[in-house]
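Chemist: turn this into a model:
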Amino acid sequence: MRWQAWTKLLCLAGASLFVSSILPVVAQTPPARTYQPGYWQPRARVNPKMPITVILENQTEMPLKYNFLDDRAEADLIVGDQVQLSRVTLPLNIAVYDPSPKAGAGDEVNLNYAVSVNRNVVTVLVQPTQEEGYRVVNIGRTGAIYLY
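Modeler: Numbers count the residues shown, from 1 in each chain. Next comes the predicted model:
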């Protein structure tokens, strides 16, 4: 009688261990969420070891200008048009802005940048926004794309 009780107890314990080892534990604490949204998070990435092309497209109702924030001169970004910059070198900073005389007097136009990457071609759609916008597209040496 005792031997049967021990046998049943051992079988039950073995079955319990087997079932608990194959079933996921539901009561586990989820991993910490470390992602914090903000300007320091890249919007997209390119492969810095491959040739990079940047396309700027003006989807606003006004002519804009862009500048590389280095010794190169500013250039026009015409309404509804796009500019293609081939074989760019990193790091790259491009400012897009409203050149009108009212800009800087508190009436400047806020711009939103919608960024996408396909086969190392970075497309930046420049659009008007009512919210606080962006001024600079930055592509770092590692290929991370940031908006400021």
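Chemist: hang on, isn't Gln59 packed against Thr129?
Modeler: No: contact criterion CB atoms under 8 Å: Gln59 and Thr129 do not qualify, at 10.9 Å. C-beta coordinates here come from the backbone N, C-alpha and C atoms, glycine included.
Chemist: got the phi/psi numbers for the residue nearest in space to the middle of the chain?
Modeler: Centroid-nearest residue in the chain, with CA atoms, centre = their mean: Arg43, separated by 1.4 Å. Main-chain dihedrals, Arg43, degrees, to the nearest 10: phi -80, psi -30.
Chemist: how close does it sit to Leu64?
Modeler: 20 Å (CB to CB, to the nearest Å).
Chemist: give me the neighbour count for Ile145.
Modeler: 21 (other CB atoms under 10 Å).
Chemist: where does the prediction get shaky in this structure?
Modeler: Scanning the chain with the threshold set as pLDDT under 70 gives 1-36, 101-108.
Chemist: residues in contact with stretch 60-67?
Modeler: 56, 58, 73-79, 83, 94-100, 109, 111, 126-128 (CB atoms under 8 Å, 6 or more residues apart in numbering).
Chemist: OK, contacts around Tyr39?
Modeler: 146-148.
Chemist: out of these, which are buried?
Modeler: 146-147 (16 or more other CB atoms under 10 Å).
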